[in-house]
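Asker: Would you be able to build a 3D model of this:
(4 chains)
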There are 2 protein chains.
Amino acid sequence: MRVLVVDDEQRLARTLRLGLEAEGFAVDVAHDGVDGLWLARENSYDAIVLDLMLPGINGYQVCATLRAEKNWTPILMLTAKDGEWDQVEGLDTGADDYLTKPCSFPVLVARLRAVSRRGARERPTQLEVGDLRLDPAARRVWRGDAEIGLTAREFSLLAFLARHAGDVVSKRQILDAVWDVDFVGDPNIVEVYVRHLRNKIDRPFGRTAIQTVRGAGYRLGSDGG
Amino acid sequence: MRVLVVDDEQRLARTLRLGLEAEGFAVDVAHDGVDGLWLARENSYDAIVLDLMLPGINGYQVCATLRAEKNWTPILMLTAKDGEWDQVEGLDTGADDYLTKPCSFPVLVARLRAVSRRGARERPTQLEVGDLRLDPAARRVWRGDAEIGLTAREFSLLAFLARHAGDVVSKRQILDAVWDVDFVGDPNIVEVYVRHLRNKIDRPFGRTAIQTVRGAGYRLGSDGG
DNA sequence: GTGTGCCTTCAGCTCGCGTTCAGGTGCGGT
DNA sequence: ACCGCACCTGAACGCGAGCTGAAGGCACAC
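Answerer: The predicted model follows:
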């Protein structure tokens, strides 16, 4: 779970980062609207926590800009205002949920989970690449009619490749998405898991769906398999 | 699209009426549980927005009463932040969705549409997964012809799994839905209850309807049992 | 008070999974 | 032809997710 926190209050931002990381989120932080917008564009987050009041461009504008760019990353808006329900009127910037500061941390985490889950639900139910079929919700994979058992990591990796089917994805991109943005350790782990996958989804079927692009990364293609 | 709003806060009810009408809904408003119940009985709505805290009879009772009367109109329950959840025993009141106040208007509309859409395709009185059958209203469960006695928690858990049959649900999702959004305590409780359930609905029948998906959660499936 | 049933906590255990490592292989560059 | 680097391979290891049995605590009935 990757989360972007955009808040100019250093102390709050820091608290959020630490707390969310403790909850198992991978957290990026931006301290103003420009940085936040840039990070949101460059990366793919599961959710964005966005403070309304920001130096430079404010939360509304960040949100509206992203939506205008067809970026549907779930956004949880933080507002210091009282009068809570006033937000109801005319607040259609495209945020998925609102929270009034101060709010309790468990509440924020719960809402964040709800919001990102809802975003996830709107993604395609099934992924298909050639005769390879995977169901992210059920966490199941088939090659033709044969179901294949994968471990959690193997599944995450395959799902990531499938979402970028036909494209080359670098080892770094894979580490960021399947492991953690700040993964430290031997990148060889990717090769190891690619091998596991090939042994399960390719070799038994005489296929080569996962191709190595030397010096660039890997590509999942329907051709060759 | 006819919608009934039941809320005793005049200002909020007014805001909702105007907003929803602007969205093209036909809106009726009731300011207490008795009126709400009466309107819900007399008319046929596509959805009901129901505040939990009401003078006289509360939202929970309204919901339970309607369900007891086999009225399956989709219900979107509104709760104030924190605390009120505690009063909702087992969280299985028969409401179709919950929303915590304050919430954004777009969110409310989206959820309302989702809920009424779900209701549109003939809400099943009973949940069926393979030869497992459960009646949420009566809180009874059968495997084939044999009725199985479950405790409140066991039933809530099974009902939640059944509503997401075929999909993997994480331990966290289960805690949020069956226990509380801000449940604190040993998540091991989920494993314990899964075990209880298996001992009652699977083992005696030589089935494995509840599958463990290591690193991801649990899945209730018709296959495998 | 006594008893019963349910919810929750805890500690011990097991095995699968994730990760690391130490070679091995082959492609690309010069 | 040679070399270096990127990638492949097989095995080994440590850990932690999930399973289990038991016991404590609480509410409710009698």
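Asker: what's the closest non-adjacent residue to whatever residue of chain A ends up closest to chain B?
Answerer: Relative to chain B, the nearest point of chain A is A:Ala152 (3.0 Å; CB to the nearest CB). C-beta: built from backbone N, CA, C; applies to glycine. The shortest distance from A:Ala152 to any non-neighbouring residue, by CB to CB, 6 or more residues apart in numbering or on different chains, is to B:Gly215 (3.0 Å).
Asker: Assign that neighbour to helix, strand or coil.
Answerer: On the three-state scheme (DSSP: H, G, I helix; E, B strand; the rest coil), B:Gly215 is labelled coil.
Asker: where's it relative to A:Ala159, distance?
Answerer: 13 Å (CB to CB, to the nearest Å).
Asker: isn't there a helix covering A:Asn71?
Answerer: No: per three-state DSSP, A:Asn71 lies outside any helix segment and is coil.
Asker: longest helix anywhere in chain A?
Answerer: helix A:105-121 (DSSP state H).
Asker: Alpha carbons of it, in PDB - could you do that?
Answerer: What follows is helix A:105-121 as a C-alpha-only set of coordinates in PDB (Å, rounded to 0.1, in the frame of the first residue of the first chain):
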ATOM      1  CA  PHE A 105      -5.400   8.400  14.000                       C
ATOM      2  CA  PRO A 106      -7.400   5.100  14.000                       C
ATOM      3  CA  VAL A 107     -10.200   6.900  12.200                       C
ATOM      4  CA  LEU A 108      -7.900   8.300   9.600                       C
ATOM      5  CA  VAL A 109      -6.400   4.900   9.000                       C
ATOM      6  CA  ALA A 110      -9.800   3.300   8.700                       C
ATOM      7  CA  ARG A 111     -11.000   5.900   6.200                       C
ATOM      8  CA  LEU A 112      -7.800   5.600   4.300                       C
ATOM      9  CA  ARG A 113      -8.300   1.900   4.000                       C
ATOM     10  CA  ALA A 114     -12.000   2.300   3.000                       C
ATOM     11  CA  VAL A 115     -11.100   4.900   0.400                       C
ATOM     12  CA  SER A 116      -8.300   2.900  -1.200                       C
ATOM     13  CA  ARG A 117     -10.400  -0.300  -1.100                       C
ATOM     14  CA  ARG A 118     -13.200   1.500  -3.000                       C
ATOM     15  CA  GLY A 119     -10.700   2.700  -5.600                       C
ATOM     16  CA  ALA A 120      -9.400  -0.800  -6.000                       C
ATOM     17  CA  ARG A 121     -12.900  -2.200  -6.500                       C
END
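Asker: what about it, average pLDDT?
Answerer: Average pLDDT, helix A:105-121: 71.
Asker: In its sheet, which strands sit next to whatever helix or strand comes next after that helix, and in what direction?
Answerer: Using DSSP states H and E, the helix or strand that follows helix A:105-121 in sequence is strand A:127-129. With DSSP bridges as the test, strand A:127-129 is paired with strand A:132-135 (antiparallel).
Asker: Pull the residues that contact the partner strand.
Answerer: By CB atoms under 8 Å, 6 or more residues apart in numbering or on different chains, the list of residues contacting strand A:132-135 from outside reads A:125-128, A:140-143, A:155, A:158-159, A:162, A:201, A:209, A:222, A:225.
Asker: Distance of A:Ser170 relative to DNA strand C?
Answerer: The gap separating A:Ser170 from DNA strand C is 17 Å, by CB to the nearest atom of the strand, to the nearest Å.
Asker: How about A:Tyr193?
Answerer: Following CB to the nearest atom of the strand, the distance that separates A:Tyr193 from DNA strand C is 7 Å.
Asker: in a helix, that's where that residue is, yeah?
Answerer: Yes: A:Tyr193: assigned to a helix according to three-state DSSP.
Asker: burial measure for it, as a count.
Answerer: 19 (other CB atoms under 10 Å in any protein chain shown).
Asker: which residues touch it?
Answerer: A:Tyr193 neighbours (CB under 8 Å, 6+ apart): A:Arg153, A:Glu154, A:Leu157.
Asker: A:Val194 now?
Answerer: A:Val194 neighbours (CB under 8 Å, 6+ apart): A:Leu157, A:Ile210, A:Thr212, A:Tyr218.
Asker: residue boundaries of the helices in chain A?
Answerer: Counting by DSSP H, the helices of chain A are A:10-22, A:33-42, A:59-68, A:105-121, A:152-163, A:171-174, A:188-197.
Asker: Out of these, which gets nearest to B:Pro55?
Answerer: In terms of CB to CB, the element of the helices of chain A nearest to B:Pro55 is helix A:105-121, at 26.3 Å.
Asker: Residues contacting the closest one, please?
Answerer: For helix A:105-121, using CB under 8 Å, 6+ apart, the contacting residues are A:1, A:3, A:16, A:19-20, A:23, A:25, A:46-47, A:49, A:72-76, A:96-97, A:99, B:81-82, B:100, B:172-173, B:176, B:181-182, B:184.
Asker: What distance do you get for the closest residue in space to A:Val169 that isn't next to it in sequence to A:Asp176?
Answerer: Among residues not flanking A:Val169 along the chain, A:Gly217 sits closest, at 5.1 Å (CB to CB, 6+ apart). Separation of A:Gly217 from A:Asp176 (CB to CB): 12 Å.
Asker: Check A:Val34 too.
Answerer: From A:Val34 across to A:Asp176, the span is 22 Å (CB to CB).
Asker: So for those two, which sits in the more crowded spot?
Answerer: The residue with more neighbours, out of A:Val34 and A:Asp176, is A:Asp176; 19 against 14, by other CB under 10 Å.
Asker: Need the per-residue pLDDT for the nearest residue to the more buried one once chain neighbours are set aside.
Answerer: Excluding its sequence neighbours, the residue lying closest to A:Asp176 (CB to CB, 6+ apart) is A:Phe183, at 7.4 Å. For A:Phe183, the model assigns a pLDDT of 87.
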